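**Student:** sharing a model prediction with you, sequence too.
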Amino acid sequence: MISGVIEGFYGTPWSWSDRRACIELLSHFDANAYVWAAKSEPRHRDLWRDSFRTDELEGFSDLSCHRDGVRLIVGLTPGADATAPEVTRKLGPAIAAGAHGVALLFDDLPELDAAERHRTLANETEQTFGLPVWLTPTHYAGGRRSEYLDQLVRGLSPTVEIMWTGEHVVSDRIGPDDVRARTLACGGRAPLLWDNTPVNDAMMSEALHLGPYVGRDPAIRSALSGVLVNPMALARASLPTIASAMAWCGGGDALATWNDTIDRLGWRRLAESTAFPDDAHWPGARPSRQWWQEVSELDIVDIDDGCRPWVEAAKEGARLAIAALDLQERPDPDPQRRTMAAIGLGLAWRSWSRLPALTFGGGPRLRPVLTNDDRGRFTYDGRSISHSTSLVDDLVKRATR
């Protein structure tokens, strides 16, 4: 079974040291694949025809042998007019540098009439290099057949893997029926799951995803050809979910692994503070005063700098929650002072509620809970936008009535 990480998000790509650290984690769990494919890597997508730079080839060489058993797959998103000679000429130096395979990624491209070209590029790339070729089709979500998928698999080499994100682009749950439908839609090929978790790019950028790998029925392991999780641009913050997912891939306890990892890092209160009500690590509707106190005193230093907005928002929100509890449970006997305290709390709450970092289950929360219809087009799902009141909002509202 393929298991690992696909660095396939939009946003600032990981550093080479981030990638090495991820490969070390994958090796620890006997995972076997790391895919270089960040959308904002210029020579992956926007400048796909441009030759890889010397430092990139050196990076590929380093990653390819960083840990035995973890294969480096180099991804490329060829443009609409790409030819097979251009693709193989571009990827040749990466293969020579040590890459163990290639991923051709046609996701998020308006090319539902390009199945034959995608098939040709995959087949000729595989024939040229004699190495694994993985392909993300333009129709990559859901379980419906489409003319695009029918044409793609007709004549496609049987050893080319076809990636899939589940029933939706971001899938809360994936079960045997979902995998079965996709397998049938792809002519009997077991899907390679591109699992969009813990990624928080694009419309999800105000959320921080630190939770465990959940919602995947253990029965699907044997029905998939593999699992690749797509992390956040925040490399270190992605590690708890990656560890949990790789434990799941190996038949281990995903939740126990997450608990061990999050506690070893000292991030449990931050993870709970950035959770949403349906998450496995949600702290509950009525956390204790002690819980709020611990959040208000968060002192996390060994985390990505990009996580600071959530850390500070959580600390500030917890202080507001404590002030709201004080106003309710220890009211000032002086009516004037009590009034001024309530107004002061309201002003601070207004300022905090405008922060872009979502904490304590607040919304609106946006996610691409989208799927492809029988023509391969995206269709809207109401779960893409969820409205919720944060734990802080709830406390302040009750305290200031």
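**Tutor:** All right, it came through fine.

**Student:** average model confidence for whichever helix or strand P93 is part of?
**Tutor:** Under the assignment given by DSSP states H and E, the secondary-structure element containing P93 is helix 84-96. For helix 84-96, mean pLDDT is 98.

**Student:** quick one: that helix to chain centroid distance?
**Tutor:** For helix 84-96, the gap between its own C-alpha mean and the chain's C-alpha mean amounts to 28 Å (C-alpha atoms, centre = their mean, to the nearest Å).

**Student:** ok, which stretches of the stretch 101-250 of the chain are strands?
**Tutor:** Taking DSSP state E, counting those that start in this stretch to define them, one finds strands in the stretch 101-250 of the chain at 101-105, 133-136, 161-164, 192-195, 226-229.

**Student:** adding distance to K90, mean neighbour count and mean pLDDT, write those out as CSV.
**Tutor:** In short, each C-beta sits where N, CA and C put it, glycine included. Written out in CSV, the entries for the strands of the stretch 101-250 of the chain read as follows (distance: least, C-beta to C-beta, whole Å; neighbours: other C-beta atoms under 10 Å; pLDDT from 0 to 100):
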stretch, distance to K90, mean neighbour count, mean pLDDT
strand 101-105, 10, 24, 98
strand 133-136, 14, 25, 98
strand 161-164, 20, 26, 98
strand 192-195, 22, 26, 98
strand 226-229, 22, 25, 98
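
**Student:** give me the helices and strands touching the helix holding P93, please.
**Tutor:** In terms of contact count using 3 or more C-beta pairs under 8 Å, 6 or more residues apart in numbering; DSSP states H and E, helix 84-96 is assigned the packing partners helix 54-64, strand 71-76, strand 101-105, helix 115-129.

**Student:** and that helix, what's buried?
**Tutor:** By neighbour count, and taking 16 or more other C-beta atoms under 10 Å as the criterion, the buried residues in helix 84-96 are A84, V87, T88, K90, L91, P93, A94, I95.

**Student:** now do stretch 333-341
**Tutor:** Using 16+ other C-beta under 10 Å as the test for burial, stretch 333-341 gives A341.

**Student:** need the contact partners of that stretch.
**Tutor:** Counting by C-beta atoms under 8 Å, 6 or more residues apart in numbering, stretch 333-341 makes contact with A323, L327, P331, D332, all of which sit outside it.

**Student:** now the helices for the chain?
**Tutor:** Under the criterion DSSP state H, the chain contains helices at 16-28, 54-64, 84-96, 115-129, 147-153, 176-185, 239-249, 254-265, 268-273, 289-296, 308-329, 335-353, 391-399.

**Student:** got the angle between the third one and helix 115-129?
**Tutor:** It refers to helix 84-96. Angle, helix 84-96 to helix 115-129, by axes from the mean of the first three to the mean of the last three C-alpha atoms, to 10 degrees: 40 degrees.

**Student:** send over helix 84-96 as CSV, restricted to the C-alpha atoms.
**Tutor:** Backbone C-alpha positions of helix 84-96 (Å, rounded to 0.1, in the frame of the first residue of the first chain) are rendered in CSV as follows:
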residue,chain,number,x,y,z
ALA,A,84,4.9,14.2,-24.1
PRO,A,85,8.5,15.2,-25.2
GLU,A,86,8.2,18.5,-23.3
VAL,A,87,7.1,16.7,-20.2
THR,A,88,9.7,14.0,-20.3
ARG,A,89,12.5,16.5,-21.1
LYS,A,90,11.4,18.6,-18.1
LEU,A,91,11.3,15.6,-15.7
GLY,A,92,14.4,13.8,-17.0
PRO,A,93,16.9,15.8,-14.7
ALA,A,94,14.7,15.1,-11.7
ILE,A,95,14.8,11.4,-12.4
ALA,A,96,18.5,11.6,-12.9
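
**Student:** report the angle between that helix and strand 101-105.
**Tutor:** Between the axis of helix 84-96 and that of strand 101-105 there is an angle of 140 degrees, by the same axes, to 10 degrees.

**Student:** okay, now the unreliable bits of the stretch 301-401 of the chain?
**Tutor:** Applying pLDDT under 70 to the stretch 301-401 of the chain flags no residue at all.
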